[in-house]
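Peer 1: give me a model of this one.
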Amino acid sequence: MPSFYGKNYAKTLTVPPTMIDNGDYSGPHRFDSIDTTIAMTTADKIYLGKLLPGERLLGGQLRNAAHGSGRTIKVGTEQAGTAVDDDALCAATSITAAGVTQLNTNNAGFCYLNETAQPMDIVGILAGGTLAAATDGFKLALFIGGIARS
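Peer 2: Next comes the predicted model:
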């Protein structure tokens, strides 16, 4: 099960990290996108963002191209050394036709808070076969609440 990385997310993995436009990846708004390919298939992960310690995900949208009959995606969180909570932010939703999915639609994901001391990855997990090849096949916009203070 290969992993794929959004355009901005991939910049955080370079050594040294590549600068990302502040309008895309800092402060209360985050944006990422990925060009989808037919190499992306069932159980693959697509990393599209991070939720830093103490941040609360107030909302978000996942926009998708039309990927064909029976295709779905779940959006969850993953942290190094822990299991994936594959539907923490959005239960499996159809990506058959082009559309927009609101995050935080399930009770557990509503206003999700990273209560840990480590960043959490926001990851989409695919189901239902291969995706369609599309420029910006997925676009993710996140709306983040401030760092929690104790």
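Peer 1: any low-confidence regions in the chain?
Peer 2: For the chain, the stretches flagged by pLDDT under 70 are 1, 26, 81, 105-109, 146-150.
Peer 1: where along it do the strands fall?
Peer 2: 3-5, 26, 29-36, 45-51, 56-64, 72-78, 85-94, 99-102, 120-127, 134-145 (DSSP state E).
Peer 1: next up, the contacts around T72.
Peer 2: Applying CB atoms under 8 Å, 6 or more residues apart in numbering, we find T72 in contact with 92-95, 126-128. Heads up, the C-betas are built off the backbone N, CA and C, glycines and all.
Peer 1: how about 6 Å then?
Peer 2: 92, 94, 127-128 (CB atoms under 6 Å, 6 or more residues apart in numbering).
Peer 1: right, and the strands of the chain - which one's nearest I20?
Peer 2: I20 lies closest, by CB to CB, to one member of the strands of the chain: strand 26, at 7.5 Å.
Peer 1: not counting its neighbours along the chain, what's nearest G124?
Peer 2: Of all residues not flanking G124 in the chain, I46 sits nearest, at 4.3 Å (CB to CB, 6 or more residues apart in numbering).
Peer 1: separation between A83 and L48?
Peer 2: 19 Å (CB to CB, to the nearest Å).
Peer 1: now swap in Y9 and tell me
Peer 2: 6 Å.
Peer 1: neighbour count winner among these two?
Peer 2: Between Y9 and L48, counted using other CB atoms under 10 Å, the more crowded position is L48 (28 against 24).
Peer 1: show me what the lengthiest helix in the chain is packed against.
Peer 2: The longest helix of the chain (DSSP state H) is helix 7-13. Applying 3 or more CB pairs under 6 Å, 6 or more residues apart in numbering; DSSP states H and E, one finds that helix 7-13 makes contact with strand 29-36.
Peer 1: for D86, which non-adjacent residue is spatially closest?
Peer 2: G76 (4.1 Å).
Peer 1: I'd guessed L126 sits against A39; true?
Peer 2: No - contact criterion CB atoms under 6 Å: L126 and A39 do not qualify, at 11.2 Å.
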